[in-house]
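In: below are the sequence and a predicted model for it; my questions follow.
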Amino acid sequence: MIMLKKSFIVLFILTFFHVQSQEIMDNSIYQFKVEDIYGKTYDFSKLKGKKIMIVNTASKCGLTYQYKALQELYNNYSIYDFIVIGFPSNDFLWQEPGSNEEIIEFCEENYGVTFPMMTKVKVKGLNKHPLYQFLTQKAKNNYKDSRVTWNFQKYLINRDGMVEKIISPKARPDSEEVISWITNGE
């Protein structure tokens with residue numbers, strides 16, 4: 001009888017932690033698997049413990065020059081377990097009209113982009129990608145409601161996979177606010 005009670009307690013504890021773990025996954029970026037620009041599955045759960053910048057990009061935008069700073073951040077701050085992930089989008093004045101192949105060619109040739117780039121997605125509207133639904137809806141991200149206002153809006157995700165900051169498209173990716181966020185321990 002005592003052994004049965006101990007088994008029940010252990011089972012209860014394990015179930016509790018599994019449920020807690022699943023809730024964390026459901027409310028974090030780690031729940032997502034997306035298609036990268038090469039057509040392969042990119043699993044966000046492999047980024048546990050990293051700080052992540054998610055940015056919607058465009059090749060024909062007045063802010064396209066930010067690719068250079070994004071690549072420099074990716075190169076220089078990876079020692080802080082930091083990663084940049086780009087999501088091309090054609091949602092703002094058709095400033096990303098190219099195919100995935102054309103986008104990656106442009107990024108590599110003009111800015112030497114090596115950080116992960118995903119397939120082109122919708123970041124607003126009715127067909128908004130599920131990851132961007134998560135980023136922009138408080139009910140899903142437990143942070144705040146927001147909307148993507150233009151190309152190069154940045155979402156900063158903490159080491160627990162939670163949205164922690166939203167940075168304006170016009171703010172440089174290598175601003176003091178971003179670098180401070182990357183380099184400060186949690």
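Out: Yep, it's here. Bear in mind the structure is a predicted one, so any value in this text is a computation, not a measurement.
In: in the chain, which helix or strand is least confident?
Out: Using mean pLDDT, DSSP states H and E, the weakest-scoring helix or strand in the chain turns out to be helix 2-26, at a mean of 57.
In: show me what contacts the closest residue to residue 47 other than its chain neighbours?
Out: In space, residue 47 comes closest to residue 83 once its chain neighbours are excluded; the distance is 6.5 Å by Cβ to Cβ, 6 or more residues apart in numbering. Bear in mind the C-beta positions are built from the backbone N, C-alpha and C, glycine included. Each residue near residue 83 by Cβ atoms under 8 Å, 6 or more residues apart in numbering is listed here: 47, 50, 51, 52, 53, 74, 115, 116.
In: ok, now how distant is the fourth one from residue 90?
Out: As defined by Cβ to Cβ, to the nearest Å, residue 52 lies at a distance of 23 Å from residue 90.
In: next, count neighbours for residue 154.
Out: Around residue 154 there are 21 other residues, counting by other Cβ atoms under 10 Å.
In: whoops, I mixed them up, residue 42
Out: If we define neighbours as other Cβ under 10 Å, then residue 42 has 18 of them.
In: cool, residue 164 as well?
Out: Residue 164 sits with 16 neighbouring residues when counted by other Cβ under 10 Å.
In: does it really touch residue 141, like I thought?
Out: No: applying Cβ atoms under 8 Å, one finds residue 164 not in contact with residue 141, separated by 10.0 Å.
In: okay, and the residue nearest the centre of the chain sits in which element?
Out: Nearest to the mean C-alpha position of the chain, counting by Cα atoms, centre = their mean, stands residue 54 at 3.6 Å. Here residue 54 sits within strand 51-57, counting by DSSP states H and E.
In: pairing partners for that strand, with directions?
Out: Its sheet considered, strand 51-57 pairs with strand 82-88 (parallel), strand 154-157 (antiparallel) by DSSP bridges.
In: columns distance to residue 69 and mean pLDDT on top of the ones you listed, output as JSON lines?
Out: Shown next, in JSON lines, are those (distance: least, Cβ to Cβ, whole Å; pLDDT from 0 to 100):
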{"stretch": "strand 82-88", "distance to residue 69": "10", "mean pLDDT": "98"}
{"stretch": "strand 154-157", "distance to residue 69": "11", "mean pLDDT": "98"}
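In: OK, contacts around the residue nearest to the centre of the chain?
Out: Going by Cβ under 8 Å, 6+ apart, the list of residues near residue 54 reads 29, 85, 87, 131, 135, 154, 155, 157.
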